[in-house]
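>>> Show me how the following folds:
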Amino acid sequence: MAEDVVERIRRALALPGAPVVVQGLGVTAAFFRDTLREDPLRWLDYLRGIDFHAPVRVRFLSSGSRLSRHRSTGAARDKPFVYFTVPGTSPFRTGTSFPESTFELFECTAPVNALESRASPISFSPTDRITRAGGGTQYIIAVSAMSSLRRVP
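The predicted structure is shown next:
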């Protein structure tokens, strides 16, 4: 991964140059480039949801792995990726708090390549007073890999 891309992301997110941060940014930038075929700089608002002070890694989730997500019932931006978490994780631990959401449970029917990270605490504006503690495990999976996930009723 080109150091300039990692440095541009680091500066845009106002992150320190600590080794764990720089390594996590490199892993994330490579995942966006190689797996999602996307420029990570286009997705900075979503990268703010990753706690780069904790390790970030690419992980293959094996067939049979269970994932969950809290999906907003409102309008959403089209993305080449979907966020998931570990079943039982509160949406507040993943940095989300949609006015209305649905809970969905999935099972991997084949191995899936995922970016694994810890969710950062997040505030969407200076007047945002909703507590989103973060700290939950989150997985970013390519939309193109959704065919390897089966919705569990």
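>>> alpha carbons only for contacts and neighbour counts from here, please
Fine.
>>> Asn113 and Leu61 touch, don't they?
Yes. The criterion here is CA atoms under 8 Å, and Asn113 meets it with Leu61 at 6.4 Å.
>>> so what's in contact with the two at the same time?
Between them, Asn113 and Leu61 share no contacting residue under CA atoms under 8 Å, 6 or more residues apart in numbering.
>>> Contacts for the helix of greatest length in the chain, please.
Determined from DSSP state H, the single longest helix within the chain is helix 19-34. With contact meaning CA under 8 Å, 6+ apart, helix 19-34 is reached by 1, 5-6, 9-10, 15, 38-40, 52-58, 115.
>>> Quick check: what element follows it along the chain?
Later in the chain than helix 19-34, the nearest helix or strand by DSSP states H and E is helix 44-47.
>>> what residue ranges in this structure are flagged as low confidence?
1-2, 95-101, 123-126, 128-132 (pLDDT under 70).
>>> just the strands in it please.
For the chain, the strands defined by DSSP state E occupy 57-61, 66-72, 81-85, 101-108, 112-118, 137-142, 149-152.
>>> So what's the gap between the second one and the chain middle?
Which is strand 66-72. 12 Å (CA atoms, centre = their mean, to the nearest Å).
>>> In it, which of the residues would be classed as buried?
Arg66, Leu67, Ser68, Arg69, His70, Arg71 (16 or more other CA atoms under 10 Å).
>>> What sits closest to the first one if chain neighbours are left out?
Think Arg66. Glu107 (4.4 Å; CA to CA, 6 or more residues apart in numbering).
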